[in-house]
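Undergrad: predicted model and sequence follow; I will ask about them next.
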Amino acid sequence: MSAFDNFDPNSVGLKDNNIFGLPTTEENASLIIIPAPWEVTVSYRAGTSRGPEQIMEASLQIDLYDPDGIDAWKKGYYLLPVDKNIKKKSDYLRSCSELIISALSEGAPIDCNNQLCQKLKEVNEGGHIFKEWIKNLTLEYIEKGKTVVMVGGDHSTPLGYIQALATKHKDFGILQIDAHADLRIAYEGFTYSHASIMYNVLEEVPEVTKLVQVGIRDYCDEELSIINNNKRVQTFFDKDIKERLYEGDTWKAIVTDIVDSLPQKVYLSFDIDGLDPKLCPNTGTPVPGGFEVEQIFYLFKKLKESKREVIGFDLNEVSSGEHTHDCIDPLVGARVLYKMCNILMSQQ
């Protein structure tokens, strides 16, 4: 008997069911969604560690019909429970990193303060432990024959997950949708900073042969040097995209250029701040510019039509901030997550 035999997809989403109101369990779901409640190194505003729970709540409002992935949900999507120990560890280490960030913003040298040096060591050790936790958990479900994706949390979270995928897939590319390049080297002293995720991927995951960045509009000289000098990186800056559109080019032509730059196997990394900040006003570091959701969904559609294989994805930086029940962020995040799930599972 199928989990969906008595399920009415036209009915209200039931709170007792799982993500998107689906009556799935860990056992009967084909797709496992790992929540990563981790935001130790966020530089500006916190709240992303609560993202998975807020997306879960908002997901009950989504209608299941999707023309880009009709009935893909019938394969079963299951969001694992949030690991309370990981969440508690994130909260503690976040308090440590706040002391370090505060000192740095005041111009105080960290290496002259034994207490702050110890806090920095704790944060970096915690980042390594988290990376190994997410890697091992991903491998556990892959070995059970599940397809695995991840939802954060800040953008530092998918490193271990990507490493796990790299044990099964060789020679794949990353399509990064983001306002930030995330190519800083140990930003603010944090080895596993949210601003260093793609630098760390390039350093630690040689199986990633191409990084294609889309929508980048906030970056430093150090990152630009990497973009200009690392042949594995190709960046479609937000400024350049907008100028092409203003001068009469089409989004279809730009998307074609993006998709053509990718190898056959593709991993999707979606930082929600790649969107126009009106759609994610409470994300950690919003930046003017960015995309409409429909533009990114069109990109996903054309990626699928190109017959490239999507091997996994992460969605990060969704946050309600202090406006838990009065903001659009989780609703947008839930719809983006659903689309990404459908794109991935409709190819299987």
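TA: That came through fine. Numbers count the residues shown, from 1 in each chain.
Undergrad: so how far is stretch 93-110 off the chain centroid?
TA: Offset of stretch 93-110 from its chain centre (C-alpha atoms, centre = their mean, to the nearest Å): 25 Å.
Undergrad: list of residues touching it?
TA: When contacts are defined by C-beta atoms under 8 Å, 6 or more residues apart in numbering, stretch 93-110 is touched by residues 39-43, 46, 49, 113, 116-117, 119-120, 122-123, 126, 188-190. Every C-beta, even on glycine, is put in place using the N, C-alpha and C of the backbone.
Undergrad: okay, helices next: where are they in the stretch 1-150 of the chain?
TA: Counting by DSSP state H, counting those that start in this stretch, one finds helices in the stretch 1-150 of the chain at the ranges 51-59, 84-105, 114-143.
Undergrad: what's the most buried one of the ones you listed?
TA: Mean neighbour count (mean count of other C-beta atoms under 10 Å) peaks for helix 51-59 among the helices of the stretch 1-150 of the chain, with a mean of 24.
Undergrad: by contact count, what packs against that helix?
TA: Identification of packing neighbours for helix 51-59 by 3 or more C-beta pairs under 8 Å, 6 or more residues apart in numbering; DSSP states H and E yields strand 31-36, strand 147-152, helix 329-345.
Undergrad: report the angle between that helix and helix 329-345.
TA: Counting by axes from the mean of the first three to the mean of the last three C-alpha atoms, to 10 degrees, helix 51-59 lies at 90 degrees to helix 329-345.
Undergrad: any idea how many residues pack against R217?
TA: Neighbour count for R217, taken as other C-beta atoms under 10 Å: 20.
Undergrad: can I get the helices and strands packed on helix 51-59 in a markdown table including mean pLDDT, distance to D249 and mean neighbour count?
TA: Shown next, in a markdown table, are those (pLDDT from 0 to 100; distance: least, C-beta to C-beta, whole Å; neighbours: other C-beta atoms under 10 Å):
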| stretch | mean pLDDT | distance to D249 | mean neighbour count |
| --- | --- | --- | --- |
| strand 31-36 | 98 | 36 | 24 |
| strand 147-152 | 97 | 32 | 25 |
| helix 329-345 | 97 | 25 | 23 |
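Undergrad: now the helices of the stretch 1-150 of the chain as CSV including mean pLDDT and distance to D221?
TA: Shown next, in CSV, are these (pLDDT from 0 to 100; distance: least, C-beta to C-beta, whole Å):
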stretch, mean pLDDT, distance to D221
helix 51-59, 95, 31
helix 84-105, 94, 18
helix 114-143, 96, 24
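Undergrad: E247 is nearest to which of those helices?
TA: helix 51-59 (36.8 Å; C-beta to C-beta).
Undergrad: now distance to Y199 too, for the helices of the stretch 1-150 of the chain, in TSV please.
TA: Formatted as TSV, these follow (distance: least, C-beta to C-beta, whole Å):
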stretch	distance to Y199
helix 51-59	23
helix 84-105	18
helix 114-143	14
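Undergrad: chain neighbours aside, what residue packs nearest to L137?
TA: I34 (6.1 Å; C-beta to C-beta, 6 or more residues apart in numbering).
Undergrad: what about the one you found, distance to P23?
TA: Note on I34: its distance to P23, by C-beta to C-beta, to the nearest Å, is 20 Å.
Undergrad: and for G189?
TA: With distances taken as C-beta to C-beta, G189 is found 46 Å from P23.
Undergrad: between these two, which one's more packed in?
TA: The neighbour count for G189 versus P23, taken as other C-beta under 10 Å, is higher for G189 (20 against 16).
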